[in-house]
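In: Got a predicted structure plus its sequence, pasted below:
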Amino acid sequence: MQYTAKYQSPMGEILLAADEIGLTGLWFEGERFYADSLDPEHMEVTPSMEKELSVFEAVKKWLDIYFSGKEPDFMPPVHMTGSPFRLSVWELLRQIPYGETVTYGELAKRSAKQRGLSHMSAQAIGGAVGHNEISIIIPCHRVVGADGSLTGYAGGVDKKERLLALEGVDMEKLFVPAKGTAL
């Protein structure tokens, strides 16, 4: 069974989803792929039920620390589900340090090396990154274009820019592409 709760962030409402194992989804309201993996028969958790689902307490504590501009020193329980390829890419995302960025191409090289391949498509990596169900905690916002462009964030490029700034990323070398190019 999946359960949901809501979190009010400084960037808007966030929907959380979890099962008995851990967090299965974290989406900004209105984002692309919003609640894509959520079972239709999920149960919305009321504040009084939250104590029973300690995962929501842990996630909200993590988000409170994160949105205060600090790096959380723990990882709430997560339950990532997807194809073996997507799971491997999402695991690479977890390894991107707070306050740092990597390019899709760099992730492609890391993925290729893990798989014993000579090459991996940055576009394939981008597809997996874009379908990350647990944004912020699995930090897909830390992936940027090779030229420094802020592209490919399901929550919106404006939120990606704000999340990176919150982490103290040097924004001078990053930019939002003009409409009609990579957006």
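Out: That came in fine, so what should we check first?

In: Sketch out the low-pLDDT regions of the protein for me.
Out: 41-52, 180-183 (pLDDT under 70).

In: So which residues of it form helices?
Out: Taking DSSP state H to define them, one finds helices in the chain at 54-67, 84-94, 104-115, 122-130, 157-166.

In: Pull the distance from the third one to the chain's centre.
Out: On the basis of C-alpha atoms, centre = their mean, to the nearest Å, helix 104-115 is displaced by 18 Å from the centre of the chain it belongs to.

In: what does the second one give?
Out: Its chain's C-alpha centre lies 11 Å from the corresponding centre of helix 84-94 when counted by C-alpha atoms, centre = their mean.

In: for the shortest one, same thing?
Out: Using C-alpha atoms, centre = their mean, we find the averaged C-alpha position of helix 122-130 to lie 13 Å away from the chain's own average C-alpha position.

In: Next, the contact list for the residue lying closest to Thr103 once chain neighbours are set aside, please.
Out: Distances taken as C-beta to C-beta, 6 or more residues apart in numbering place Ala146 nearest to Thr103, at 4.8 Å, with adjacent residues excluded. Where C-beta positions appear, they are placed from N, C-alpha and C, glycine not excepted. Neighbouring residues of Ala146 by C-beta atoms under 8 Å, 6 or more residues apart in numbering: Thr103, Tyr104, Gly105, Ala122.

In: Next, the contact list for the residue nearest in space to the middle of the chain, please.
Out: By C-alpha atoms, centre = their mean, the chain has its centre lying nearest to Ser135, at 1.9 Å. Counting by C-beta under 8 Å, 6+ apart, Ser135 touches Leu26, Trp27, Phe28, Glu31, His141, Tyr153, Ala154, Gly155.

In: how about Leu93, what does it touch?
Out: Contacts of Leu93 (C-beta under 8 Å, 6+ apart): Leu107, Val129, Asn132, Ile138, Pro139, Cys140, Arg142, Val143.

In: Including distance to Trp62 and neighbour count, could these go into CSV?
Out: Shown next, in CSV, are the contacts of Leu93 (distance: C-beta to C-beta, whole Å; neighbours: other C-beta atoms under 10 Å):
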residue, distance to Trp62, neighbour count
Leu107, 23, 23
Val129, 21, 24
Asn132, 16, 25
Ile138, 12, 23
Pro139, 12, 23
Cys140, 16, 26
Arg142, 16, 20
Val143, 20, 27
